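Enquirer: A structural model of the following input is requested.
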Amino acid sequence: MININGANAYTGKETVKRRKSIIWPAYIDATLTRKYGRRIPKDMAVPNPTIEEMEAAAKELKMKYTVEKGKKYPKTWFKSEGRIIIEETGRKTEIIKKLALTISKMRIEKQRIKESEKSKGKKAD
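Expert: Reported below is the predicted structural model:
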């Protein structure tokens, strides 16, 4: 956009820029209140997410990301949990929701695999 005499004009040369969004595990933690950092509704959030799960979810969603382990979220300064920096277009809240949904799906799949392995083990006995 170019500002011409106080009015905005579209030049057609603008490109969509990817913004860097810092995402902390607290943003998607269902065990935390909004006061302590949760950013999405509790029913969409995941209990006690780890930075490894967030990294796996970002990889599955094919997002560009950087993981910084050992960083401390200011509201929970006593925990060294880390953060993930994601380069993505769109709203930060939508990115957080996508990550939470993907982590939830990954946990369900992991649980199914464990249960199927248990049932195979019992049949062999």
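Enquirer: what's the closest non-adjacent residue to the residue sitting nearest the centre point of the chain?
Expert: Geometric centre of the chain, nearest residue: Leu99, 3.5 Å, by CA atoms, centre = their mean. Leaving aside its sequence neighbours, Leu99 sits nearest to Ala57 (CB to CB, 6 or more residues apart in numbering; 4.9 Å). For glycine as for every other residue, the C-beta is placed from the backbone atoms N, C-alpha and C.
Enquirer: ok but that neighbour is inside a strand, no?
Expert: No: counting by DSSP: H, G, I helix; E, B strand; the rest coil, Ala57 is not part of a strand but helix.
Enquirer: what is the neighbour count of it?
Expert: 24 (other CB atoms under 10 Å).
Enquirer: tell me how far the longest helix anywhere in the chain lies from the chain's centre.
Expert: Taking DSSP state H as the criterion, the chain has its longest helix at helix 92-124. Here helix 92-124 is found 16 Å from its chain centre; the criterion is CA atoms, centre = their mean, to the nearest Å.
Enquirer: what's that helix packed up against?
Expert: strand 19-23, helix 51-60 (3 or more CB pairs under 8 Å, 6 or more residues apart in numbering; DSSP states H and E).
Enquirer: flag every buried residue along it.
Expert: 95-104 (16 or more other CB atoms under 10 Å).
Enquirer: so for Glu115, which of the helices and strands packed on helix 92-124 sits nearest?
Expert: helix 51-60 (19.3 Å; CB to CB).
Enquirer: now that closest one: average pLDDT?
Expert: Averaging pLDDT along helix 51-60 yields 94.
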